[in-house]
Each structure stands twice: as C-alpha cells, then as structure tokens.
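Asks: dropping a prediction and its sequence here:
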Amino acid sequence: MSTASLDRAELKPGFGTQIGGVDLAAAGDAQLADIVAEFHRTGALVLRWQSLTPEQFVRFGKAFGPLEGHTLQDFTLPDHPEIYILSNRVEDGRPVGAHNDGIGWHTDLNYTAEPAMCTMLYAIAVPPEGSDTLLADQCAAFAALPAQRQAELARLKQIHSFEYLANMRSEGRKAIPPEVLRANPDVVHPLVRTHPADGRKALWVSSLTPGFVGWSTAESEPVIDALIAFVTQERFVYRHKWQVGDVLVWDNRCTLHTGTLFDDTRYIREMHRMWVKGDRPY
Ligand SMILES: [Fe+2]
C-alpha cells in the first residue's frame, strides 16, 4: 500500500493528516486502503466536504476493520446500529442523541480488554462556535520525556474502570443499568502502549481509574493528574474546528481526546460516531 498518491497535509508537525480531493462516497477500495495506511502511520485523519449516507459511512468504517458495538444502545441509528448519534436535538420531546458525552480527556472503550482501535465522527450539524474536538498526540508526549522517566513509566500498569466513568457521569443522567456494570469489569492495561503498525510508543494514561496496579488510589492520583496535565499540553494537541461534512478519525492507541462545550441553548450539534474494533494493548 502506498500513501504517496493522496493529497496530504499534516494536522500538526508529525501528527495527523488532512486528506484532500477524496469523495468518500465514491472512493474505490484501493483509495480507501491508502487512507487506512495513512491513518496507521499518523494517528488521525481529517476529510472535509463529505456527503455520506449511513451506508457509505459504514463502508468507510469497515475499510479500517470490523466495527464495534456500543456500550449503551440508547442512541444508535435505526437500521444502522454501528452508528451512534451525538446530538442535542430534541424531536417530539425526546432527545435524538447523546449530549455532552466525551468532555474530559479520555480514550474510547479504554475500560474494555480490547479498546476501540479508532473513533470516527461525521459532522451533520455544527455550532458556529465551541464544540471543538481536541486530540493529544501521545507518541509525541512520550517522546518528550527523559529516557529514565520513560523507563519508569513503562513498568507501570493502570486499572481502567467503567464504574468510575459511570459514577462520574451519573449526575443528572439515567443510572447505568447494573447488568451493564457487570458486563464491564475493571481491566488492567500498560501505561506505555506499543503501536502495532510500527512499534512506536505512546503514553496511554486514564483519569478514570482507581490507580496503578500495586499503588493505592491516594498514591496514584497525583501522579496521574500530573501525567494528564503533561500529555495534554498545547504543544501535543490538535484542535479540530468543525465544519458540516467533516469526517474526523483518530487512533485511540496513540491519542487522548476531549470534546468541548458549546451554547446548546442556541445551537444544534449533530454527529454520527463509529468505532472500529481494537486489540489488547501491549
Ligand atoms: Fe470519546
């Protein structure tokens, strides 16, 4: 596979690619394979001016690998359960999508044994201000550390916990059903993660955690807070300002991401989200 044929521009030096001149609705298999190869190499993709039916978006997603189901089924698209709706729109008194999910630095499905490899969002309605998506390049963050600190961190493992996430989100929301909690027990992942495509290392830290294996929560918390502050410095972050028709794809194996708030009393934000299955981190 070659990515040389694509019209490419870096999102940030050494991170991410904006790809121009591609209509994903009409892209052939070879072109999609080139786009996927670029994703594995650089950690994030932006493709603008797209117009995709759910079928076309699903086809794009499947070019990356098998699609992942969603932990909660409340806002999946009828007929296309691989697509989850993010929206603050209310139709006939009922919300059509999840609203204000994903605020705060995290990676998707980190609390599972095989977290989602990548997340893709397709923008259907976008506020004129706010609602940016921020991606933090965790390979760059790891590379910026002194070798001795890299070695210390590489020895640590972290407990990742859906229950922490559920408790954090429970305020003012529907409680998470007990069977969902039971289906998502805590898992342990390495703090420094190896990218299967080329072996590059990423610092892969979660704030939704009881702590490091062998450490108390009280001992872990200040270290984790300091790491999150370090890895999300502006020098490691790409800020995506949305336009309708944007497709943004990021690699959960080497990034943290967060949404940002917007004035939801004035504006509608609506996105289609898909996840592609991942492997066990190592
Ligand atoms: Fe997320």
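Replies: Right, received. Where do you want to start? Numbers count the residues shown, from 1 in each chain.

Asks: show me which residues of the stretch 101-250 of the chain are close to the ion?
Replies: G102, D108 (C-beta under 5 Å from the ion). For glycine as for every other residue, the C-beta is placed from the backbone atoms N, C-alpha and C.

Asks: now with 6 Å?
Replies: G102, H106, D108 (C-beta under 6 Å from the ion).

Asks: got a list of what the last one touches?
Replies: The one in question is D108. P115, A116, T119, N252, H257, W275 (C-beta atoms under 8 Å, 6 or more residues apart in numbering).

Asks: who's in contact with the nearest residue to the first one once chain neighbours are set aside?
Replies: What that stands for is P115. Computed as C-beta to C-beta, 6 or more residues apart in numbering, the closest residue to P115 that is not its neighbour in sequence is L109, at 4.4 Å. L109 is in contact with E68, T71, P115, A116, N252, W275, G278, counting by C-beta under 8 Å, 6+ apart.

Asks: what packs against the lowest-mean-pLDDT helix or strand in the chain?
Replies: Least confident element among the helices and strands of the chain, by mean pLDDT, DSSP states H and E: helix 162-169 (a mean of 76). Helix 162-169 sits against helix 178-183, with contacts defined as 3 or more C-beta pairs under 8 Å, 6 or more residues apart in numbering; DSSP states H and E.

Asks: and the helix it packs on, what does it pack onto?
Replies: helix 162-169.

Asks: in the stretch 1-150 of the chain, which residue sits nearest the ion?
Replies: When scored by C-beta to the ion, the stretch 1-150 of the chain has G102 as its residue closest to the ion, at 3.7 Å.

Asks: what bridges to whichever residue of the stretch 151-282 of the chain sits closest to the ion?
Replies: Ranked by C-beta to the ion, the top residue of the stretch 151-282 of the chain for proximity to the ion is H257, at 5.7 Å. As for beta bridges, H257 partners with H106, L135 under DSSP bridges.

Asks: returning to what we had before: tell me which of the contacts of D108 fall in strands.
Replies: T119, H257, W275 (DSSP state E).

Asks: closest one of the residues you listed to L77?
Replies: Proximity of the ones in strands among the contacts of D108 to L77 (C-beta to C-beta) peaks at W275, which lies at 13.5 Å.

Asks: my guess is that closest one contacts P115, does it?
Replies: No - look at W275 against P115 with C-beta atoms under 8 Å: they stay out of range, at 9.2 Å.

Asks: the residue of the stretch 151-282 of the chain closest to the ion touches D132, doesn't it?
Replies: No - if you go by C-beta under 8 Å, H257 and D132 don't touch, sitting 10.8 Å apart.
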